[in-house]
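**Student:** output the structure for:
(one chain, ligands or ions: 2)
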Amino acid sequence: MDNSQNFIPLCTMENKKSDTICIFGTGDFGRSLGCKLLQCGHSVIYGSRNPQSSSLTPKGAEVFSHSEAAQRASIIILAIHRENYDFLKQYTEVLNGKVLVDVSNNLKINQYPESNAEYLARMVPEAKVVKAFNTISAWALQSGALDASRQVFVCGDEIYAKQSVMDIVRTLGLTPLDQGTLLASNEVENYPLQLFPMWRIPIFICSGFTILIFLYCVLTEVLYPCVTLKEDASYLIAISIPNRVFPIVSLILLALVYLPGIIAAVLQLYRGTKYSRFPDWLDKWMLCRKQLGLVALAYAFLHAIYTLVMPIRYYVRWWSNNYIITQIKTNNTYEFLNHYAWLSDSYVALGILGFFFYVLLGITSLPSVSNAVNWREFRFVQSKLGYLTLVLCTAHTLVYGGDRFIYGTYYKWYLPPAFVVALIIPCIVLSLKLIIIVPCLDKRITKIRQGWERNSKS
Ligand SMILES: NC(=O)C1=CN([C@@H]2O[C@H](COP(=O)(O)OP(=O)(O)OC[C@H]3O[C@@H](n4cnc5c(N)ncnc54)[C@H](OP(=O)(O)O)[C@@H]3O)[C@@H](O)[C@H]2O)C=CC1
Ligand SMILES: [Cu+2]
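**Tutor:** Ligands and ions are numbered 1, 2, ... in the order given. Below you'll find the predicted structure:
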């Protein structure tokens with residue numbers, strides 16, 4: 001305890017806690033947690049298979065045999081892998097009425113049919129099993145790098161047992177989150193094994209579109225001229241092609257944020273009730289809309305930055321110098337076209353406004369901002385502003401296309417298919433939305449959503 005006294009001011013508790021906490025297992029996690037508990041003023045003992053040879057345990061903690069250690073404490077933390085729980089069967093008597101804290105994790109999601117905590121509770125039925133600490137790593141406990149994972153999920157059937165574990169969690173400067181009964185332990189155990197679950201579908205969709213459109217552009221703008229005209233246009237791969245891919249994918253993703261809501265409304269209209277489940281794919285799609293929108297925003301950002309560097313590109317400078325020199329050489333002045341100026345200014349203006357609302361949407365989806373507005377305000381921003389953004393970005397793409405096709409000096413045959421791909425989903429979403437907000441349908445959907453048409457068709 002001597003050397004750890006220095007650390008006590010760091011912790012929330014100033015006096016040494018009276019209850020002794022026992023840790024079974026002197027492995028990595030057991031040692032780190034024990035060290036932290038000692039630093040925070042708890043008295044800690046260990047239960048080990050080899051009490052004599054455990055030299056690595058933190059100073060100030062005694063090591064006993066399992067049964068002796070269990071007798072000396074009312075709370076026992078099991079820092080042992082689930083596969084080794086079998087030995088506990090011989091101690092069921094001494095573990096009667098004790099609080100058993102299960103910290104174990106598995107290697108795979110849903111590795112066993114029942115959670116480790118439920119398995120433990122079945123093995124030692126008279127003990128009060130609490131699941132906790134599994135989301136905190138031994139390394140983080142030791143190094144103090146707990147910024148990312150201060151939250152400790154706690155669940156258990158015995159309310160007092162759970163409460164005492166939550167008190168210990170608090171004394172370590174961590175935040176306990178009550179997850180309910182042991183039924184939740186499966187979810188708590190799966191939590192550290194998940195890798196950005198909500199981001200998987202958006203990233204997958206985004207990568208799919210990005211790769212397809214990039215390949216299409218390389219094929220038509222680099223490989224085709226190379227084969228037919230023996231022209232090397234490979235420099236387009238660095239900026240021109242990405243700057244075609246980003247806005248197209250961004251617009252598609254933004255439309256995909258609003259499409260599930262429309263499909264849901266159409267389904268509700270068709271079924272005449274909200275009391276009927278949506279298909280699984282639609283549920284999943286609805287749940288990842290925020291992530292889809294954020295990926296779309298990231299692509300819009302990239303498009304904005306790539307567009308801003310246009311004037312300093314060698315290719316663009318060469319092209320514009322060449323244009324002027326040609327006029328001088330041929331003693332020719334190209335006339336100022338008013339409608340052309342209008343068209344090019346409008347698509348830039350639409351792009352700027354679209355981007356502004358895009359960023360506003362992104363900002364309002366931040367938890368700290370969305371917490372400051374009520375549900376109706378949040379819906380207003382996310383839905384109304386969202387559709388406005390979609391309209392502006394779709395118009396920006398349309399006018400850009402018009403500019404290229406009608407007055408553009410460099411009309412290319414491969415552009416129309418790319419524009420169709422970019423515009424088809426946004427146009428479908430916007431036209432369906434226009435149909436749905438027709439007053440009679442809108443009234444009907446409000447009725448359905450408020451549950452007034454409860455039993456009409458379900
Ligand atoms: N390491 C980490 O970052 C985290 C680990 N956990 C969980 O903590 C638990 C321990 O992990 P960790 O410390 O890394 O693992 P270790 O392998 O380092 O330690 C496990 C300990 O269990 C004891 N043990 C091993 N075999 C048996 C057995 N057959 N019978 C009885 N006791 C046995 C040993 O202690 P002794 O020799 O003293 O008996 C051993 O030191 C695991 O369930 C893990 O999922 C949870 C969150 C994070
Ligand atoms: Cu643009």
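**Student:** contacts and neighbour counts: CA atoms only from here.
**Tutor:** Noted.
**Student:** element containing the residue of the chain positioned farthest from its centre?
**Tutor:** Distance from the centre of the chain peaks at Asn331, with 59.7 Å (Cα atoms, centre = their mean). Taking DSSP states H and E as the definition, one finds Asn331 inside no helix or strand.
**Student:** state the distance from Ser240 to Leu182.
**Tutor:** 56 Å (Cα to Cα, to the nearest Å).
**Student:** neighbour count winner among those two?
**Tutor:** Between Ser240 and Leu182, Leu182 has the larger neighbour count (other Cα atoms under 10 Å), namely 21 against 15.
**Student:** identify the residues contacting that one.
**Tutor:** If you count contacts by Cα atoms under 8 Å, 6 or more residues apart in numbering, Leu182 has them with 117-118, 130-131, 155-157.
**Student:** okay, those in a markdown table with neighbour count next?
**Tutor:** Listed next are these as a markdown table, based on neighbours: other Cα atoms under 10 Å:
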| residue | neighbour count |
| --- | --- |
| Ala117 | 29 |
| Glu118 | 21 |
| Val130 | 31 |
| Lys131 | 30 |
| Cys155 | 29 |
| Gly156 | 27 |
| Asp157 | 16 |
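**Student:** what residues does the protein have near ligand 1?
**Tutor:** Counting by Cα under 6 Å from any ligand atom, the chain comes close to ligand 1 at 25-30, 48-49, 79-82, 84, 87, 103-105, 134-139.
**Student:** confidence-wise, which helix or strand of this protein is lowest on average?
**Tutor:** Using mean pLDDT, DSSP states H and E, the weakest-scoring helix or strand in the chain turns out to be helix 439-449, at a mean of 71.
**Student:** so what's the gap between stretch 91-101 and the chain middle?
**Tutor:** Counting by Cα atoms, centre = their mean, to the nearest Å, stretch 91-101 is centred 39 Å from the centre of its parent chain.
**Student:** what residues sit buried inside that stretch?
**Tutor:** 92, 94-95, 97-101 (16 or more other Cα atoms under 10 Å).
**Student:** ok, back up a step: need the contacts of Leu182 in TSV (columns: secondary structure).
**Tutor:** Below are those laid out as TSV (DSSP: H, G, I helix; E, B strand; the rest coil):
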residue	secondary structure
Ala117	helix
Glu118	helix
Val130	strand
Lys131	strand
Cys155	strand
Gly156	strand
Asp157	coil
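**Student:** and the gap between the residue of the stretch 351-458 of the chain found nearest ligand 1 and Gln111?
**Tutor:** Going by Cα to the nearest ligand atom, ligand 1 is nearest to Pro367 of the stretch 351-458 of the chain, at 27.8 Å. Pro367 sits at a distance of 33 Å from Gln111 (criterion: Cα to Cα).
**Student:** ok, now Phe64?
**Tutor:** For Phe64 relative to Gln111 (Cα to Cα), the value is 32 Å.
**Student:** more neighbours, Pro367 and Gln111?
**Tutor:** Between Pro367 and Gln111, counting by other Cα under 10 Å, Gln111 is the more crowded of the two (12 against 9).
**Student:** the closest residue in space to Val124 that isn't next to it in sequence and ligand 1, how far apart?
**Tutor:** Among residues not flanking Val124 along the chain, Thr92 sits closest, at 5.7 Å (Cα to Cα, 6 or more residues apart in numbering). Remark: distance between Thr92 and ligand 1 (Cα to the nearest ligand atom, to the nearest Å) = 14 Å.
**Student:** relative to Ser185, how far out is Thr92?
**Tutor:** For Thr92 relative to Ser185 (Cα to Cα), the value is 22 Å.
**Student:** name the helices or strands packed onto whichever strand or helix holds Gly208?
**Tutor:** Per DSSP H and E: Gly208 is located in helix 200-217. Here helix 200-217 touches helix 242-271, helix 289-308, going by 3 or more Cα pairs under 8 Å, 6 or more residues apart in numbering; DSSP states H and E.
**Student:** now do the phi/psi pair for Leu177.
**Tutor:** When quoted as degrees, to the nearest 10, the phi and psi of Leu177 stand at phi -120, psi 110.
**Student:** neighbours of it, how many?
**Tutor:** Leu177 sits with 14 neighbouring residues when counted by other Cα under 10 Å.
**Student:** ok, the residue nearest to it when sequence neighbours are not counted - contacts?
**Tutor:** Spatially, and ignoring its direct neighbours in sequence, Leu177 is nearest to Phe153 (4.8 Å; Cα to Cα, 6+ apart). By Cα under 8 Å, 6+ apart, the contact list for Phe153 reads 131-135, 176-179, 188.
**Student:** surely Phe153 is in a strand?
**Tutor:** Yes: applying three-state DSSP, one finds Phe153 inside a strand.
**Student:** and the residue of the stretch 151-300 of the chain nearest ligand 1?
**Tutor:** Taking Cα to the nearest ligand atom, the stretch 151-300 of the chain has Pro192 as its residue nearest ligand 1, at 8.7 Å.
**Student:** no further questions, thank you.
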